[in-house]
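# Okay, predicted coordinates and the sequence, questions at the end:
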Amino acid sequence: MPKLKVLPGHAISPQGAEIEARPGKSICDTLLENHIDIEHACEKQAACTTCHVILRQGYDSLEPPEEKEEDMLDKAWGLEATSRLSCQAKIAEDDLVIEIPKYTINYEREGGGKK
C-alpha cells in the first residue's frame, strides 16, 4: 500500500505525517480521514483552490489533471509545476510526498464571497 507523507508545515500539519494511503482515493479524502483538516471550501468539486497541494515526490504517478483542475490551479496561491488540487488527484501505487501551502485563497473565509 502506498504511503502519503505530509511535510511539516503550518497549523494544519505542523509535525508532518506519514499515512497509509489507498489507491484510487483522493489526496484530500485521505488527509481528512487521517485528521489533517485541509481546507476544501467547494466540497471537493474543483471549484476553488483551497485544497491545493504541491507534490514533492510522486507527481508523475498521478493521472494528469483535467482541464477544469488546470484552470482552477492557475488561481492558486504559490502555484508550482507540481501543484494539484488534492480533491482531484487520486492516489496511485507510488508513495507521495506533499507540501500543503501556508496560504490559500478562500473568498468565503476572507469575506469576499459576501455581497
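Thanks, I have the structure now.
# give the contact list for the most centrally placed residue in the chain.
Nearest to the mean C-alpha position of the chain, by CA atoms, centre = their mean, lies S86 at 2.9 Å. Residues in contact with S86, defined by CB atoms under 8 Å, 6 or more residues apart in numbering, are S26, I27, C28, L31, I38, H40, C51, H52, V53, I98. (Each C-beta comes from the backbone N, C-alpha and C, glycine too.)
# Please identify which pair of the residues you listed lies farthest apart.
H40 and I98 (14.6 Å; CB to CB).
# neighbour count winner among those two?
I98 (25 against 19; other CB atoms under 10 Å).
# And the residue nearest to the more buried one when sequence neighbours are not counted, which helix or strand is it part of?
Using CB to CB, 6 or more residues apart in numbering and skipping the chain neighbours, the partner closest in space to I98 is V53 (4.5 Å). According to DSSP states H and E, V53 maps onto strand 52-57.
# Could you list the buried residues of that strand?
Using 16 or more other CB atoms under 10 Å as the test for burial, strand 52-57 gives H52, V53, I54, L55.
# ditto for stretch 80-96
In stretch 80-96, counting by 16+ other CB under 10 Å, buried: T82, S83, R84, L85, S86, C87, Q88, A89, I91, A92, D95, L96.
# Would you convert the residues you listed into TSV that also reports pLDDT and secondary structure?
Listed next are the buried residues of stretch 80-96 as TSV, based on pLDDT from 0 to 100; DSSP: H, G, I helix; E, B strand; the rest coil:
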residue	pLDDT	secondary structure
T82	98	coil
S83	98	strand
R84	98	strand
L85	97	strand
S86	97	coil
C87	97	coil
Q88	98	coil
A89	98	coil
I91	98	coil
A92	97	coil
D95	98	coil
L96	98	strand
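# Now flag whichever of those is closest to H10.
Checking the buried residues of stretch 80-96 against H10 with CB to CB, the nearest one is S86 at 15.4 Å.
# still on that earlier bit, okay if I get the buried residues of strand 52-57 as TSV plus pLDDT and distance to Y103?
Output for the buried residues of strand 52-57, formatted as TSV (pLDDT from 0 to 100; distance: CB to CB, whole Å):
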residue	pLDDT	distance to Y103
H52	96	9
V53	96	13
I54	97	12
L55	98	18
